[in-house]
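K.L.:
Next come a sequence and a model predicted from it.
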Amino acid sequence: MNAQKPWVGQSIKRKEDHRLLIGQGQYVADLTLPRMAVVGFVRSSHAHARIVRIEADAARALPGVLAVVTGQDTAHLGPILSDLSVPKLPGETKRPIFGPLPVDEVKYVGDLVAAVIAKDRYVLEDALDLVAVEYAPLPVVVDAEAALAAGAPLLYPEWGDNVVYHQHLQHGDTDTAFAAAAVVVKERFKGHRCGASPMEPRACLARYDAAEGLTVWLTTQRSHIKRHLLAAYFKIPDSKIRVIAPKDVGGGFGVKAPLYREEILICYLAMKYGRPIKWIETRQENLLNIGQERDQIHELELAVAVDGTILGLRDRMIANCGDARVPIYVSFAMPWLGMMYLPNGYVIPNVDIDLTCVVTNKAGLTPSRSFGSFTGRFAIDRIVDIAALRLGLDPLMMREKNCIKTFPYVTATGVNVDSGDFVGALKKLKAAIDYDAFRVEQQAARANGRYLGLGLSLGIEFSGLSSQILVPMERQPGFGVATIRFDANGQVQVAHGDQPQGQGHDTTISQVVADELGITPDDVYVISGDTQAAPFAAGTLASRMGGYTTSAAVMAARGLKPKLIAIARHLLQITADDSAFEFRAGAVRLVDSPQQQISLQRIAETALLAPTELPPGMEGGLDHTAHFEADTTGMHSCNVHAVTVEVFPDSGRFRILRYVAVDDAGRPINPTIVRGQLHGGIALGISNACLEEFVYTVDGEQLTRSLQEYLIASARDLPYIETHEHNVPTPHNPLGSKGKGEGPTGMVPGALGNALADALAPFGAPITEMPFTPERLWRLIEAARKVDD
Amino acid sequence: MKREITITINDEVHTATVEHRYLLVDFIREIAGATGTHVGCGFEGRCGTCTVVVDGYAVKSCLMLAVQADGAKLLTIEGLARGEELHPLQAAFRDLHGLQCGFCTPGFLMTLYDFLKDPIDSEDAIRHAMSGVLCRCTGYVHIVAAVRQAIAVLAAMTPTERARWFPL
């Protein structure tokens, strides 16, 4: 028999798709239980106010309403944040104290006020309208810099200021670097509030019974962590809580990683009222409360030598964290990691960064794909171009000169970049975008009054976060974990800790295990998301699957092989070293004499049903668990993107002509799935950078509460996205594979901002703020034209 | 105000007494139990994942009252395949990775079902046709490719074969 082509590297069709395509996906919203009631929330219409009175009698009197619950009713539950749910980072940290419902004060528009339980959603919505809340408005602050000013209204008066986290990070000698620079460029960059808003909003269904405890179906990326935090909060054993992330969750992108107040409250209500309680978040609630990130200001300075070599960087970084009442992240974990990734793929030996994370009367920041680094990536890639322009250097040459070239490389902020090839990737990108020809076309177009531009970005993308980073950041393990267990019929079950939200984990895990055991992906089935069935792990975040969890699956399979071989040897009644055997075509066989074989099915059947036939002294059963930690603090991929645009100066509108990505997936497990991650990540980046913005007025009113105002890009708003592979396997895991999920989004704003700045170079329009709306561009162009007049 | 209505969904007849304000999408999901149709926005009709085919036309079922569909014939994602055989559009989504989390997929399939009856095979026309449905995972690139495959597969069929795939 011919050798089977490895499954890893093949774009096999996804195992997930059939059920989803015939309408048999099962999301939390699709679940119904006997006696189930629904819950909804009265939310604040004020950005900052004291709750004077909640009048709920009319709502309680409505037929079908079971209860109205206020902060007074839940005050005894106590504060949610504990040492388990606050990052322990090196800077000065403060902790907001809050319970599931506010007792007397609301801190942003959309904040929780009360919960209403009803028999169905129609009654619920009538009842929510009948709850009257009297507020006494308090002073409001929504701007981060205003919140830092003396005399600003305080979100948490006991702190004495509005700073939830502050860190000053220095490495090297920036003063000397800046003194030696031929050019110092300084610019203020602003990233707007936007994020990931999955198509499926949050959902939670909780059921309680005294024997089993609490069962919670939840749209979550991390069921084990949530179970542990819920158990600690309610002071019950972990064993009395079962958290189930269903097989189908409608997108996560980080937004479904925190533990939310609503989820805690619903668990409490299910216990208190003794009946299943279900919450389906409305889109309005979703847009008022979560998916908000990126809200940062960078006052960035770059010191550059005359040949373009970057010598040092200074940044005064301010993050607007909103109310920060977001367990696990407390809204500052994202900007902190954004700071760590600020130098990104550039060699910048000396850095001095001052990070201030500020609380305001906006919703708290929640993680969104590109975790904290979207705005910083925009800033660094823009300032490299600004420096190039000042020195009369080509932006591509600037990147060739300053990119990381020797690996491993540790950035001045302490990030370990293990492997990659920026130089080769830039070469590929230059050819793909036809760089030189575009410059000629651009010149010709300008002569005809047309404004074309090309922009580049360059970045590293983490492939999971190691325990060295994740433990202090979130007190969570970085390891990937997988358990492989044979069924008696020879089928292979893989249980792992990173439940999917659309990434195709079932397919990719099946591919890697199939290769290891010489079977097909169809012989493998995958379990995740249920704390009673899946092993403990931090959950789906930071592109962990491709680097960590698939590696754990490989190691679990390898860990089981000696036993499989020992049983085969015994059943075949031969003596041969382990190395004489191979796993092929569903059997364990001798490499030199393949007809000497025994099927995995027979081995499994023996180990599980007939242990008397096992080698003497061998334990029955056939399973193995592996926890994988890479022997490095950071596996990364190295990626470069280019975009070309045409700007129409009379309207400020622009068109993306081409978007070209050259990405490193190490060793892609399923290239089509990788491509899908790139498309989706880049689309999110373009949508964020151009269309989406959570708009708050100065008094904290939130104006973007529906998808008619918070604009998510449709197919017509986006270009075709061209992708190229430039893979450098990591030496730190068994397959060399790298994760591909988090990174592509953050590559967009730098490339696109640079393209717009390049197109508008004749106007000298500085592109320093997002979103790139026609109005913003038109104003920049008009301002430049006025100066010319 | 309540009324008894009858709606046929994927050839199954459902009769129920519903409030006038009861949305068609709730009838489909709660009364008919066809949970393959989803809700992703605040019933403002922007996400499009609730799209179904009503008497031959793609309709956002969160923007229609159930009573307005009294007597109508509906097709939802559950009704696209013929037994084990996937609709050419479903097959194309599977072949070309036109979906990730699957939440918006019913909206795309049912919107494009309507488009595929008389399609225009161009990138622009396809993107225009599906602009009423939002996807957060795919960036639409593979969806466009899937639609083009479905157009080609359907074009290669005899009119009778093709009509089989468009019962409404």
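P.N.:
Sure thing, it's come through.

K.L.:
Who are the contact partners of residue 111?
P.N.:
The chain I'm using is chain A. Contacts for residue A:111 (CB atoms under 8 Å, 6 or more residues apart in numbering or on different chains) come out as A:43-44, A:102, A:323. C-beta: built from backbone N, CA, C; applies to glycine.

K.L.:
hmm, I had chain B in mind actually
P.N.:
Counted by CB under 8 Å, 6+ apart, residue B:111 has contacts B:48, B:51, B:58, B:129-130, B:132-133.

K.L.:
just those residues that are near chain A?
P.N.:
Counting by CB under 8 Å from any CB of the partner chain, B:130, B:132-133 from the contacts of residue B:111 sit close to chain A.

K.L.:
most surrounded residue in those?
P.N.:
Using other CB atoms under 10 Å in any protein chain shown as the neighbour test, those are led by residue B:133, with 29 neighbours.

K.L.:
ok now do that residue, which residues does it touch?
P.N.:
Counting by CB under 8 Å, 6+ apart, residue B:133 touches A:714, B:47-49, B:51, B:104, B:107-108, B:111.

K.L.:
Most distant residue from the centre of chain A?
P.N.:
residue A:573 (51.8 Å; CA atoms, centre = their mean).

K.L.:
contacting residues around the residue most central in space within chain B?
P.N.:
Nearest residue to the geometric centre of chain B (CA atoms, centre = their mean): residue B:110, 2.0 Å. Applying CB under 8 Å, 6+ apart to residue B:110 gives the contacts B:51-53, B:58, B:75-77.

K.L.:
Give me the nearest residue to it, chain neighbours excluded.
P.N.:
Leaving aside its chain neighbours, residue B:110 sits nearest to residue B:51 (4.4 Å; criterion: CB to CB, 6 or more residues apart in numbering or on different chains).

K.L.:
Identify all residues paired with that neighbour through a beta bridge.
P.N.:
Following DSSP bridges, residue B:51 is listed with bridge partners residue B:60.

K.L.:
how many other residues sit next to it?
P.N.:
31.

K.L.:
got a list of what residue 92 touches?
P.N.:
You didn't say which chain, so I picked chain A. A:163, A:165-167.

K.L.:
looking at chain B here, not the other one
P.N.:
Contact analysis of residue B:92 by CB under 8 Å, 6+ apart lists B:98, B:146-147, B:149-150, B:153.

K.L.:
I'd like these as a markdown table, with secondary structure, distance to chain A and neighbour count appended.
P.N.:
Written out in a markdown table, the entries for the contacts of residue B:92 read as follows (DSSP: H, G, I helix; E, B strand; the rest coil; distance: CB to the nearest CB, whole Å; neighbours: other CB atoms under 10 Å in any protein chain shown):
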| residue | secondary structure | distance to chain A | neighbour count |
| --- | --- | --- | --- |
| B:98 | coil | 9 | 29 |
| B:146 | helix | 11 | 27 |
| B:147 | helix | 10 | 29 |
| B:149 | helix | 13 | 17 |
| B:150 | helix | 12 | 28 |
| B:153 | helix | 15 | 18 |
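
K.L.:
can you map out the helices along chain B?
P.N.:
Secondary structure of chain B (DSSP state H): helices at B:24-26, B:88-95, B:105-116, B:123-129, B:141-155, B:159-164.

K.L.:
most neighbours per residue, which of these?
P.N.:
With neighbours taken as mean count of other CB atoms under 10 Å in any protein chain shown, those reach their highest mean count in helix B:105-116, at a mean of 26.

K.L.:
what angle do that one and helix B:88-95 make?
P.N.:
Per axes from the mean of the first three to the mean of the last three CA atoms, to 10 degrees, the angle that helix B:105-116 makes with helix B:88-95 is 130 degrees.

K.L.:
wait, residue A:141 sits on residue A:360?
P.N.:
Yes - assessed by CB atoms under 8 Å, residue A:141 is found in contact with residue A:360 at 5.5 Å.

K.L.:
list residues touching both of the two?
P.N.:
A:147, A:155, A:162.

K.L.:
ok, back up a step: now mean pLDDT too, for the helices of chain B, in JSON lines please.
P.N.:
Formatted as JSON lines, the helices of chain B follow (pLDDT from 0 to 100):
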{"stretch": "helix B:24-26", "mean pLDDT": "98"}
{"stretch": "helix B:88-95", "mean pLDDT": "98"}
{"stretch": "helix B:105-116", "mean pLDDT": "98"}
{"stretch": "helix B:123-129", "mean pLDDT": "98"}
{"stretch": "helix B:141-155", "mean pLDDT": "98"}
{"stretch": "helix B:159-164", "mean pLDDT": "97"}
